[in-house]
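A.B. asks: I would like to see how this sequence folds:
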Amino acid sequence: MSLTSVNAELIRDAFIAGAHNLSNHKEYINELNVFPVPDGDTGTNMTLTIMSAASEIEAITTPSVDLLSKAISGGSLRGARGNSGVILSQLFRGFCRDIKGKDTLDVNDITAAFARAVETAYKAVMKPKEGTILTVAKGIYDKAAELCDYEDDVISFMEQIIEHGDKVLASTPELLPVLKEAGVVDSGGQGLMEFLRGALSGLKGEKIELISGAPSQPARGAGLLEEIPSRPAGSGSDSISTADIKFGYCTEFIILLDKELTDKQVDEFKAYLTSIGDSIVCVADEELVKVHVHTNHPGLAFEKALTYGGLTRMKIDNMREEHSERVSMEEEKRRAEEQEAAFQEMKARKNPEAAETQVAPQELKKYGFISVSVGDGISKLQTGLGIDYVLSGGQTMNPSTEDILSAVEKVYAENIFVFPNNKNIILAANQAATISESKNIIVIPTTSVPQGIAAILSFSEDMSPEENTDAMKEAISAVKSGEVTYAVRDTSVDGKEIRNGDIMGISDKGIDVVGTSVEEVTTSLIEGLVDEDSGLITLYYGSDVSKEDAEKLCDALTEKFDDLEVELHEGGQPIYYYIVSVE
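C.D. replies: Residues are numbered from 1 along each chain as shown. Below you'll find the model as predicted:
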């Protein structure tokens, strides 16, 4: 068949088919994870991400390109789980932003959207690594750019792109030695190719049924602004003097746009704000722009903003005066309520029904805490340490962006610290921080439960958000952590031959120990973590370890490391026999 353009109905069919195909292959994608651990979850994360968008699409009765773009971008953004899911959501976000306003897409439109998708995804990752889904996505765009000059049939265009994408995917082990050693291609790249294969089937009119047993869909959330960054901290820190305040007026306002700003206009406005101040927050959606700037000339910011539309919620605070005199508790409460009201107004414009049913908190405390947990015992421990909301990560410990946002709404605090406690959750947490409208979300990049516990223990109510952030990051850098689990397949990683069923001791650096005894592997793992500066060993035993066995191991470690303190806690975590830390 031949197809020179794609309308909204075909885009919908293609996306649904692609989502179903990805879901149907999720277990195979999971098995491609380099580490042969039982929580390899790339396929699951990508599936939950894309099916969140699919559920949004299926609710649209009369599709248009703009409606589909909003559903795909917003649904995948809120449903994003794990690094692979977040990157996939950013690819969709870039693609959708480029096709807005069009009625149909031809090969040139698709190519331009691919370019925007790749650019957006690369920007979302602090240190992009080649040999991953990003490499596959870039290879797809490169091929599209080559084809669009002479190929106008969308079907042929996509067939050639997929053929090239498979070749790029096959080359990923040459770019990442760890893939080559394990004998696998990049799992995220494989997931992207499965989506594209399904999408091509949809374009051809071939329906792909979802195989039974697919994961249940996450709950759909209320509509959110596309990009809302964390709210800046106040100016009343004890650590600075009024002489240190270069720009004296904290200026905030909302622009009610006459018409949507282009990316160029947004960049120009940000550049102007930078020329007159600092601490810039400038976020635009189709109807509104939220602005925060520290400047010595608030009027200049207002005048420039008036060229784009009307102003509301204007507020100017003299930071030098605030710092010298302090703000009374009643004044702080009033400002918090005004800030909450401003954001509720923005929400009401985007989703009136949701705004009507949401009750603003009576009072905001200064600090709140959200932590991801993977076991009942660890959850109780975190709650005892002052965590306001413990977010269950489940067996794979990958809550979505929407899950984190929902937790944020339940914590009535101005500044909320989030402890992901897993490197595969940090991107989703960061994404939640950029979306949150009413709270200053600070993500502490904890990669393990012990790091999260060390972070909360370093908190001080008397310090500013910035000072606490620095203290927490310093605390987690002093923690060495590890996990003990079992292998789910034969492979080779870090020069170690691993057999299905082997016990593995995994540290922050990788797989350190392989053996057949849980106790011996745990002891060897800890031996590798202990050094001359160590003073404390902590064990959290999992749901598959009895209290008696854990106590025996604790006694043996106390005898072996007689100059160190050894603590034992019931973690209750699945999959991992022990989570350990050395400080």
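A.B. asks: The residue found closest to Gly82 once you drop the neighbours it is linked to in the chain: neighbouring residues, count only.
C.D. replies: Of all residues not flanking Gly82 in the chain, Asn45 sits nearest, at 3.4 Å (CB to CB, 6 or more residues apart in numbering). (C-beta placed from N, C-alpha, C; glycine too.) Neighbour count for Asn45, taken as other CB atoms under 10 Å: 29.
A.B. asks: again, but for Asp263
C.D. replies: If you count neighbours by other CB under 10 Å, Asp263 ends up with 10.
A.B. asks: Contacts for stretch 467-474, please.
C.D. replies: Outside stretch 467-474, the residues that touch it by CB atoms under 8 Å, 6 or more residues apart in numbering are 237, 239, 367, 417, 442, 444-445, 455-456, 458-460, 463.
A.B. asks: From the chain's centroid, how far away is the helix or strand containing Val168?
C.D. replies: Per DSSP states H and E, Val168 falls inside helix 154-175. Its chain's average C-alpha position is 27 Å from that of helix 154-175, according to CA atoms, centre = their mean, to the nearest Å.
A.B. asks: Run through the strands of the stretch 151-300 of the chain in chain order.
C.D. replies: 249-257, 277-284, 288-295 (DSSP state E, counting those that start in this stretch).
A.B. asks: Show me just the buried residues among the contacts of stretch 467-474.
C.D. replies: Neighbour counting with 16 or more other CB atoms under 10 Å marks 367, 417, 442, 444-445, 455-456, 458-459, 463 as buried within the contacts of stretch 467-474.
A.B. asks: Where among the strands of the stretch 151-300 of the chain is average confidence lowest?
C.D. replies: Note on the strands of the stretch 151-300 of the chain: strand 277-284 shows the lowest mean pLDDT, a mean of 65.
A.B. asks: sorry, back to before: any chance of the buried ones among the contacts of stretch 467-474 in CSV with pLDDT and distance to Thr111 as columns?
C.D. replies: Shown next, in CSV, are the buried ones among the contacts of stretch 467-474 (pLDDT from 0 to 100; distance: CB to CB, whole Å):
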residue, pLDDT, distance to Thr111
Tyr367, 92, 48
Phe417, 94, 42
Ile442, 93, 39
Ile444, 94, 40
Pro445, 92, 36
Ala455, 90, 45
Ile456, 88, 48
Ser458, 87, 50
Phe459, 89, 49
Met463, 89, 51
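A.B. asks: Show only the entries of these found in helices.
C.D. replies: 455-456 (DSSP state H).
A.B. asks: Quickly name whichever of the buried ones among the contacts of stretch 467-474 is closest to Leu134.
C.D. replies: Pro445 (19.9 Å; CB to CB).
A.B. asks: and that closest one, what does it touch?
C.D. replies: Pro445 sits next to 420, 426, 473, 476 when contact means CB under 8 Å, 6+ apart.
A.B. asks: Any regions of the stretch 101-250 of the chain where pLDDT drops low?
C.D. replies: Within the stretch 101-250 of the chain, the stretches with pLDDT under 70 are 126, 212-247, 250.
A.B. asks: at 50 instead, please
C.D. replies: For the stretch 101-250 of the chain, the stretches with pLDDT under 50 are 214-244.
A.B. asks: what ranges do the helices span in it?
C.D. replies: 107-124, 133-147, 154-175, 177-182, 187-203 (DSSP state H, counting those that start in this stretch).
A.B. asks: Summarise which helices and strands the fourth one is packed against.
C.D. replies: Secondary structure elements in contact with helix 177-182, counted by 3 or more CB pairs under 8 Å, 6 or more residues apart in numbering; DSSP states H and E, are helix 154-175, strand 491-493.
A.B. asks: I'd like those as TSV, with mean neighbour count and distance to Ile133 appended.
C.D. replies: Compiled in TSV, the helices and strands packed on helix 177-182 are given as follows (neighbours: other CB atoms under 10 Å; distance: least, CB to CB, whole Å):
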stretch	mean neighbour count	distance to Ile133
helix 154-175	18	9
strand 491-493	17	20
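A.B. asks: Now render those as a markdown table, adding distance to Glu252.
C.D. replies: Listed next are these as a markdown table, based on distance: least, CB to CB, whole Å:
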| stretch | distance to Glu252 |
| --- | --- |
| helix 154-175 | 45 |
| strand 491-493 | 51 |
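A.B. asks: Looking at those, which is nearest to Lys100?
C.D. replies: Ranking the helices and strands packed on helix 177-182 by proximity to Lys100 (CB to CB) places helix 154-175 first, at 19.1 Å.
A.B. asks: which strands and helices sit next to the closest one?
C.D. replies: Helices and strands touching helix 154-175, by 3+ CB pairs under 8 Å, 6+ apart, are helix 107-124, helix 133-147, helix 177-182, helix 187-203.
A.B. asks: what sits against the residue most central in space within the chain?
C.D. replies: By CA atoms, centre = their mean, the mean C-alpha position of the chain lies nearest to Ala428, the distance being 1.2 Å. With contact taken as CB under 8 Å, 6+ apart, Ala428 is in contact with 80-82, 85-86, 398-401, 404, 420.
A.B. asks: Out of the residues you listed, which end up buried?
C.D. replies: Buried members of the contacts of Ala428, counted by 16+ other CB under 10 Å: 80-82, 85-86, 398-401, 404, 420.
A.B. asks: Run a quick neighbour tally on Ile211.
C.D. replies: By the criterion of other CB under 10 Å, Ile211 has 13 neighbours.
A.B. asks: Arg499 too?
C.D. replies: The local packing of Arg499 (other CB under 10 Å) involves 12 other residues.
A.B. asks: what's the answer for Asp494, then?
C.D. replies: Look at Asp494: counted by other CB under 10 Å, it has 15 neighbours.
A.B. asks: Now do the same contact list for the residue nearest to Thr295 when sequence neighbours are not counted.
C.D. replies: Excluding the flanking residues, the one nearest Thr295 by CB to CB, 6+ apart is Gly277, at 3.2 Å. Residues near Gly277 by CB under 8 Å, 6+ apart: 247, 251, 293-297, 301.
A.B. asks: How about Met463?
C.D. replies: Ala471 are the contacts of Met463 under CB under 8 Å, 6+ apart.
A.B. asks: That one and Gly384, how far apart?
C.D. replies: 22 Å (CB to CB, to the nearest Å).
A.B. asks: before we move on, the earlier item: distance of the residue nearest to Thr295 from Leu306?
C.D. replies: As judged by CB to CB, Gly277 and Leu306 stand 17 Å apart.
A.B. asks: same check, this time on Ala428
C.D. replies: Here Ala428 is placed at a distance of 38 Å from Leu306 (CB to CB).
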